[in-house]
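S.K.: Model the following, please.
(one chain, ligands or ions: 2)
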Amino acid sequence: MHFYGTGKVNDARHLEIGGVDTVQLAAEYGTPLYVYDIELIRERARGFKQTFENLGISAQVAYASKAFSSIAMIQLVKEEGLSLDVVSGGELYTALKAEFPVERIHFHGNNKSEEELMMALEHNIGCIVVDNFSELELLEELCVFKEQKVNILLRVTPGIEAHTHDYILTGQEDSKFGFDLLNGQAEQALKQALNCKWMNVQGLHCHIGSQIFQTTGFVLAAKKIIGQLKKWNEEFGYQPPVLNLGGGFGIRYTEEDTPIPASQYVEEIVREVQNELQGTDIPMPEIWIEPGRSLVGDAGITLYKVGSEKEVPQVRKYVAVDGGMSDNIRPALYEAKYEAVLANRPLDEVEETVSIAGKCCESGDMLIWDLPLPKSGRGDLLAVFCTGAYGYSMANNYNRIPRPAVVFVENGEAKQVIKRETYEDLVRLDLELKEIVKTK
Ligand SMILES: Cc1ncc(COP(=O)(O)O)c(C=O)c1O
Ligand SMILES: N[C@@H](CCCC[NH3+])C(=O)O
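M.R.: Residues are numbered from 1 along each chain as shown. Ligands and ions are numbered 1, 2, ... in the order given. All right, here's what the predicted structure looks like:
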């Protein structure tokens with residue numbers, strides 16, 4: 001059995017995490033329940049920072065808050081001294097509510113609205129990562145209007161197909177994100193931005209995709225970018241103070257996954273940048289990265305109650321839990337795989353292979369196919385590992401299922417950081433038919 005972080009079996013023979021018994025957590029906060037081992041998040045955050053320190057490289061490690069955003073999570077990121085990547089007005093609002101230092105917020109997105117850009121300008125956030133020409137023009141108009149200077153990075157697509165699921169690839173030529181690095185678009189955008197007195201072009205940004213296990217893609221991206229930087233330096237003397245190489249570092253979801261240590265990605269990226277810059281007069285830029293999944297993914301588990309079962313003779317046994325694609329859409333979206341144990345009796349002998357179904361009205365609402373488990377029954381508690389990234393943040397109310405609560409655990413203490421949605425919450429924004437007719 002593979003445990004993450006502080007996960008272990010305690011004296012009561014239950015799964016424990018952060019020194020807290022998961023059976024007690026389920027009893028106190030209900031199920032489904034997301035539980036984060038925040039000691040592990042701290043450890044990961046410190047690990048990234050330490051790697052840069054060991055290399056003597058000036059850097060910013062920005063947490064990609066799309067992986068899991070909440071006020072408490074952002075406060076944790078602030079405590080650990082990281083920077084923050086936001087990708088929408090909503091994520092920015094959450095960061096502001098958490099009183100995150102605005103100068104360390106980086107704003108991404110391929111279609112930021114005028115309102116979102118204005119919000120970023122009004123709050124003087126650290127940097128806007130400009131994604132395309134229409135955004136560049138819109139941002140310039142807004143800066144002229146406000147007579148305000150803004151720091152920007154230009155997001156480039158280096159034409160790289162990293163080895164990951166097609167839906168989470170972003171660095172290839174045919175992508176909705178970024179200026180193409182090699183067909184002249186990025187150069188044109190750079191010249192345009194350098195010509196604008198309201199824009200301070202801090203450098204380039206590139207993110208090649210997510211859940212990537214090899215360093216090759218990152219290294220190749222750095223090589224291609226620096227190739228262009230050398231050309232731009234010679235032609236018009238542009239030297240970027242910052243190079244942001246994104247996130248996307250893969251993690252272990254199941255035993256099939258064999259990630260390398262996060263420090264290795266950083267070391268190889270830095271080494272490549274240093275090598276490529278050798279012999280030029282371009283100073284080593286500050287290196288920024290923006291991991292999401294590798295900071296929070298394996299720190300999170302989801303606890304579910306087992307409910308109905310269905311046997312299809314000679315085919316399979318379905319065991320249904322009280323959540324599903326409403327709290328974890330990744331298996332349905334990417335055929336993502338997970339491991340799980342019975343949290344109330346993790347040491348019991350495996351007796352059968354079952355498939356874990358959700359409770360949504362969709363045949364595709366399956367959390368795990370072919371999971372070895374002891375014989376389970378109604379009321380058993382299933383812990384699915386590694387649900388900390390893109391679980392809560394992609395949760396939804398399909399079938400009007402309320403979103404679960406989120407609890408942080410550390411040093412034997414549990415703290416609820418997001419309340420469970422209630423049925424009342426679900427209808428909070430609904431209007432009565434009579435009211436709609438009246439407002440017409
Ligand atoms: C621009 C950008 N930065 C960072 C991330 C974080 O990726 P991950 O959670 O895989 O580290 C993403 C998501 O893929 C992204 O699109
Ligand atoms: N949401 C995706 C990754 C996309 C990340 C954002 N570019 C996942 O669950 O793996």
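S.K.: confidence score at E161?
M.R.: The predicted structure scores E161 at 72 on the pLDDT scale.
S.K.: Test my guess that it contacts I212.
M.R.: No: the criterion here is CB atoms under 8 Å, and E161 misses it with I212 at 10.8 Å. C-beta coordinates here come from the backbone N, C-alpha and C atoms, glycine included.
S.K.: higher neighbour count, those two?
M.R.: When E161 and I212 are compared for neighbours, I212 comes out ahead with 24 against 15, by other CB atoms under 10 Å.
S.K.: Give me the distance between that one and G203.
M.R.: Distance, I212 to G203, using CB to CB, to the nearest Å: 22 Å.
S.K.: next helix or strand past the longest helix anywhere in the chain?
M.R.: Scanning the chain for the longest helix, with DSSP state H as the assignment, gives helix 216-236. Downstream of helix 216-236, the first helix or strand assigned by DSSP states H and E is strand 242-244.
S.K.: Given that next one, what are its sheet partners and their directions?
M.R.: Using DSSP bridges, the strands paired with strand 242-244 are strand 199-205 (parallel), strand 286-289 (parallel).
S.K.: out of those, nearest to ligand 1?
M.R.: strand 199-205 (7.3 Å; CB to the nearest ligand atom).
S.K.: ok, and what's touching that closest one?
M.R.: 127, 129, 139-140, 143, 149-156, 178, 186, 190, 193-194, 225, 229, 238, 240-244, 246, 285, 288 (CB atoms under 8 Å, 6 or more residues apart in numbering).
S.K.: which among the residues you listed end up buried?
M.R.: Buried subset of these (neighbour count, 16 or more other CB atoms under 10 Å): 127, 129, 139-140, 143, 150-156, 178, 186, 190, 193, 225, 229, 238, 240, 242-244, 246, 285, 288.
S.K.: ok, and which of these reach ligand 2?
M.R.: Among those, proximity to ligand 2 is found for none (CB under 6 Å from any ligand atom).
S.K.: residues contacting the closest residue in space to W198 that isn't next to it in sequence?
M.R.: Nearest residue to W198 in three dimensions, chain neighbours excluded: C143, at 3.5 Å (CB to CB, 6 or more residues apart in numbering). Contacts for C143 (CB under 8 Å, 6+ apart) come out as L121, K149, V150, C196, W198, M199.
S.K.: Which positions in the stretch 51-200 of the chain make contact with ligand 1?
M.R.: By CB under 6 Å from any ligand atom, the residues of the stretch 51-200 of the chain that approach ligand 1 are A64, A67, D85, H108, T170.
S.K.: can you tell me which two in those residues are farthest apart?
M.R.: Across those, the longest distance by CB to CB is 14.7 Å; it joins A67 and T170.
S.K.: the more surrounded of these two?
M.R.: Counting neighbours by other CB under 10 Å for A67 and for T170 shows that A67 has the greater number, 26 against 22.
S.K.: now the nearest residue to the more buried one once chain neighbours are set aside: how far from E91?
M.R.: Nearest residue to A67, sequence neighbours excluded (CB to CB, 6+ apart): G292, at 3.1 Å. Distance, G292 to E91, by CB to CB: 11 Å.
S.K.: do the same with V150
M.R.: If you go by CB to CB, the gap between V150 and E91 works out to 18 Å.
S.K.: thinking again about what came up before, can the strands paired with strand 242-244 go into CSV with extra columns for mean pLDDT?
M.R.: Converted to CSV, those look like this (pLDDT from 0 to 100):
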stretch, mean pLDDT
strand 199-205, 98
strand 286-289, 98
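S.K.: would you turn these into TSV with distance to A414?
M.R.: Listed next are the strands paired with strand 242-244 as TSV, based on distance: least, CB to CB, whole Å:
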stretch	distance to A414
strand 199-205	37
strand 286-289	31
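S.K.: between those, which gets nearest to D430?
M.R.: So among those, strand 199-205 is nearest, using CB to CB, at 40.0 Å.
S.K.: buried residues in the closest one?
M.R.: In terms of neighbour count (16+ other CB under 10 Å), strand 199-205 has its buried residues at M199, V201, Q202, G203, L204, H205.
S.K.: May I have the residues that are in contact with the spatially closest residue to the second one that is not a sequence neighbour?
M.R.: Here the nearest residue to V201 in space, its sequence neighbours aside, is A193; by CB to CB, 6+ apart that works out to 4.8 Å. Contact analysis of A193 by CB under 8 Å, 6+ apart lists V130, L136, I152, L154, M199, V201.
S.K.: cutoff 10 Å now
M.R.: Residues near A193 by CB atoms under 10 Å, 6 or more residues apart in numbering: V130, L136, L139, E140, I152, L153, L154, M199, N200, V201.
S.K.: and it, what element?
M.R.: Using DSSP H and E, A193 falls in helix 185-194.
S.K.: Common neighbours of G292 and E91, please.
M.R.: In terms of CB under 10 Å, 6+ apart, G292 and E91 are both contacted by the residues A64, S65, K66, S69, D85, S393.
S.K.: Inside strands: which ones of the residues you listed?
M.R.: Judged by DSSP state E, strands contain the following of these: A64, D85.
S.K.: Counting neighbours, which of the shared contacts of G292 and E91 comes out on top?
M.R.: Within these, D85 tops the neighbour count with 30 neighbours, counted by other CB under 10 Å.
S.K.: Looking at strand pairing, list the partners for that residue.
M.R.: A64, H106.
S.K.: close enough to count as contact, it and G246?
M.R.: Yes: D85 lies in contact with G246 (CB atoms under 10 Å); the separation is 9.1 Å.
S.K.: which neighbours do these two share?
M.R.: A62, A64, H108, V129, H205, H207, W288, I289, E290, P291, G292.
S.K.: Contacts only, for the second one.
M.R.: So the one you mean is A64. Contacts of A64 by CB under 10 Å, 6+ apart are 84-87, 91, 106, 108, 207, 210, 246-248, 289-296, 389.
S.K.: Check whether stretch 101-109 comes near ligand 2.
M.R.: No: figure legend: stretch 101-109 not in contact with ligand 2 (CB under 6 Å from any ligand atom); closest approach 9.0 Å.
S.K.: before we move on, what about stretch 255-263?
M.R.: No: using CB under 6 Å from any ligand atom, stretch 255-263 stays clear of ligand 2, with a minimum separation of 12.6 Å.
S.K.: for that stretch, which positions count as buried?
M.R.: For stretch 255-263, the neighbour count (16+ other CB under 10 Å) marks P259, A262 as buried.
S.K.: What's the mean pLDDT across that stretch?
M.R.: The pLDDT scores in stretch 255-263 average 93.
S.K.: Send me that stretch as PDB with only the CA atoms.
M.R.: C-alpha atoms of stretch 255-263 as PDB (Å, rounded to 0.1, in the frame of the first residue of the first chain):
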ATOM      1  CA  GLU A 255       2.000   2.700  -9.400                       C
ATOM      2  CA  GLU A 256       2.100   3.100 -13.200                       C
ATOM      3  CA  ASP A 257       3.400   6.600 -12.700                       C
ATOM      4  CA  THR A 258       7.100   7.100 -12.200                       C
ATOM      5  CA  PRO A 259       7.700  10.800 -11.700                       C
ATOM      6  CA  ILE A 260      11.200  12.200 -11.200                       C
ATOM      7  CA  PRO A 261      11.800  14.500  -8.200                       C
ATOM      8  CA  ALA A 262      10.600  18.000  -8.700                       C
ATOM      9  CA  SER A 263      14.100  19.300  -8.100                       C
END
